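> Prediction below, plus the sequence it came from.
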Amino acid sequence: MSTATQQAARPPGAPASITKAERSLAPDIARGGMLLFIALANVPIHLWGMTTDQYNHNTGQSTADHIALFIEQLVIAERSRPMFAILYGFGIAVMASRMFARGMDPKGVRKVLRRRSWWLVAFGFLHATFLFFGDILAPYGITGLIALFFVHLSDQALKKWLWGSSLYLVLIGLPLLAYAYSGGSAPPAMGDLPLYAEQMIMGASASITVMLVSVFLAMFLPLVAAGMVLQRSGWIDHPERHLPGLKRVFVTGMAVNVLSSLPYALVALGTWEPSTVPYVSSIYLTLLGGMYAGLGYICGFALLAHRLRRFGRRGVPGALAAVGERSLTSYLLQSIIMAPLLTAWGFGLGEDMGYLAAFGVAFGTWLVTVGIAVMLDRAGRRGPFEVLLRRLTYGPRRA
């Protein structure tokens with residue numbers, strides 16, 4: 001069949017997979033780097049066996065552990081989730097634009113995106129239940145169900161929703177979230193239940209709770225909207241056209257990154273022991289700065305992709321891009337590796353493990369996912385969870 005005949009035979013709601021030549025390098029590199037941030041941010045949750053202080057930090061840590069935690073809290077904590085949300089919104093906008101280009105009406109586009117969002121909720125709920133209660137797929141899927149109503153809006157209307165939801169988050173959502181974080185503690189024991197049964201109950205309940213809270217507080221809605229605006233602007237797809245703006249946001253984002261998280265990081269270092277109000281304020285400042293810092297990191301990765309464009313999808317940028325192309329698979333692989341390895345219900349290697357060693361495990365896990373992604377890329381294969389999600393969203397591939 002000719003290309004035109006193949007395209008005509010394809011149902012309007014199932015656009016062809018984006019080929020490697022069609023993919024933009026910058027978003028994939030950003031996703032690949034983001035997944036390292038996610039691994040480093042998530043690994044402390046798998047540690048166990050230690051008491052915690054009033055700030056929910058593990059006690060009995062060495063000086064090297066305190067320094068490692070200080071660095072993580074300074075430049076990574078509460079940065080990966082904003083990055084993920086922005087890039088998630090970017091992906092929604094890319095999918096919508098491709099379907100609109102095929103002549104699909106807004107109702108049909110929303111139907112496809114709604115189906116995909118519900119499947120992300122299902123993936124996330126199962127992930128939280130069976131592996132990691134800190135899952136983020138389900139709350140993003142719920143947010144996507146709201147954001148799908150943005151896909152047909154004009155640029156001006158979309159920006160109004162962006163600023164309106166941002167105002168709500170800054171004035172209501174983040175203060176409540178900061179207060180909730182300040183009282184964080186280890187989950188209570190559940191009697192004589194087997195450890196894995198506790199994980200399943202806690203994971204399922206945590207997933208439902210986080211989904212409800214993310215909707216009520218609009219935790220990710222402005223960031224998803226920002227990702228959609230970013231896609232329409234072309235900043236990430238065509239960084240060569242927006243270098244001054246990208247540099248400005250990156251530089252200011254990194255300044256905000258450090259300044260906003262410094263008080264909270266000093267608590268992790270052990271050099272500041274604030275009372276409740278200053279501590280909650282430091283958490284709020286970290287959460288607020290993390291929104292802009294996440295955007296700054298994404299702009300930085302776009303600049304990196306532009307700088308390394310001569311290498312294409314080879315070498316280090318190619319490896320990062322391979323992970324980014326398979327971000328869903330790589331994200332789930334992190335839990336598939338780290339949860340059984342470290343948790344009490346698994347091999348238990350996280351018992352009394354220091355922060356520095358834990359971050360080493362996270363970095364090693366990320367490297368494993370890079371290696372797997374590169375092997376899949378060289379074999380010309382997509383990630384298995386990307387294939388599954390696409391099949392569930394669009395149905396079986398047609399000849």
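Right, received. Where do you want to start? These figures come from a predicted structure and were not determined experimentally.
> ok, Val75 - how many residues close by?
By other C-beta atoms under 10 Å, the residues close to Val75 number 17. All C-beta spots, glycine's among them, are computed from the backbone N, C-alpha and C.
> Actually, Trp118.
So Trp118, with other C-beta under 10 Å, has 16 neighbours.
> That one in helix, strand or coil?
Here Trp118 is helix, with the state taken from DSSP: H, G, I helix; E, B strand; the rest coil.
> doesn't Ala138 make contact with it?
No - taking contacts as C-beta atoms under 8 Å, Trp118 lies outside contact range of Ala138: 10.4 Å.
> burial of Leu25, as a residue count?
26.
> what residues are up against it?
Contacts were defined as C-beta atoms under 8 Å, 6 or more residues apart in numbering; by that measure Leu25 touches Ala305, Arg309, Gly312, Arg313, Pro317, Ala321.
> Enumerate the positions of stretch 381-390 that are buried.
Neighbour counts using 16 or more other C-beta atoms under 10 Å place Gly383, Phe385, Glu386, Val387, Leu389, Arg390 of stretch 381-390 among the buried residues.
> related to what we said a few turns ago, rebuild the contacts of Leu25 as JSON lines, extending it with neighbour count, secondary structure and pLDDT.
Converted to JSON lines, these look like this (neighbours: other C-beta atoms under 10 Å; DSSP: H, G, I helix; E, B strand; the rest coil; pLDDT from 0 to 100):
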{"residue": "Ala305", "neighbour count": "23", "secondary structure": "helix", "pLDDT": "89"}
{"residue": "Arg309", "neighbour count": "13", "secondary structure": "helix", "pLDDT": "82"}
{"residue": "Gly312", "neighbour count": "12", "secondary structure": "coil", "pLDDT": "76"}
{"residue": "Arg313", "neighbour count": "18", "secondary structure": "coil", "pLDDT": "81"}
{"residue": "Pro317", "neighbour count": "23", "secondary structure": "helix", "pLDDT": "87"}
{"residue": "Ala321", "neighbour count": "29", "secondary structure": "helix", "pLDDT": "93"}
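> low-confidence ranges in the stretch 251-399 of the chain?
The model of the stretch 251-399 of the chain has pLDDT under 70 over residues 396-399.
> could you pull out the helices for it?
Along the stretch 251-399 of the chain, the stretches classed as helices by DSSP state H, counting those that start in this stretch are 276-307, 315-325, 327-342, 355-378, 384-394.
> For Phe216, find the nearest of the ones you listed.
Comparing the helices of the stretch 251-399 of the chain against Phe216 with C-beta to C-beta, the closest turns out to be helix 276-307 (15.8 Å).
> Return the set of buried residues in that closest one.
279-306.
> and what of stretch 344-354?
Residues Ala344, Gly346, Leu349, Gly350, Met353, Gly354 are the ones in stretch 344-354 that count as buried (16+ other C-beta under 10 Å).
> The fifth one and Gly315: what is the separation?
Distance from Met353 to Gly315, counting by C-beta to C-beta, to the nearest Å: 33 Å.
> For Met200, which non-adjacent residue is spatially closest?
Of all residues not flanking Met200 in the chain, Thr129 sits nearest, at 5.3 Å (C-beta to C-beta, 6 or more residues apart in numbering).
> and if you look at Ile45?
Excluding the flanking residues, the one nearest Ile45 by C-beta to C-beta, 6+ apart is Gly134, at 5.2 Å.
> can you confirm the one you found is in a helix?
No - under three-state DSSP, Gly134 sits outside any helix and is assigned coil.
> quick one: it and Pro44 touch, right?
No - Gly134 is beyond contact range of Pro44, at 10.0 Å (criterion: C-beta under 8 Å).
> out of the two, which sits in the busier spot?
Pro44 (21 against 18).
> residues touching that one, list them.
Counted by C-beta under 8 Å, 6+ apart, Pro44 has contacts Asn58, Leu69, Tyr355, Ala358.
> could you redo the last one with a cut-off of 6 Å?
By C-beta atoms under 6 Å, 6 or more residues apart in numbering, the residues touching Pro44 are Ala358.
> Could you report the neighbour count for Ser214?
Using other C-beta under 10 Å, the number of residues around Ser214 comes to 23.
> pLDDT at it, what is it?
On pLDDT, Ser214 comes in at 95.
> before we move on, the earlier item: want to try a markdown table for the contacts of Leu25, with distance to Gln156 as columns?
What follows is the contacts of Leu25, written out as a markdown table (distance: C-beta to C-beta, whole Å):
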| residue | distance to Gln156 |
| --- | --- |
| Ala305 | 29 |
| Arg309 | 32 |
| Gly312 | 36 |
| Arg313 | 36 |
| Pro317 | 35 |
| Ala321 | 33 |
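> Show me which pair in those is furthest apart.
It's Arg309 and Ala321 that sit farthest apart of those, by C-beta to C-beta, at 11.5 Å.
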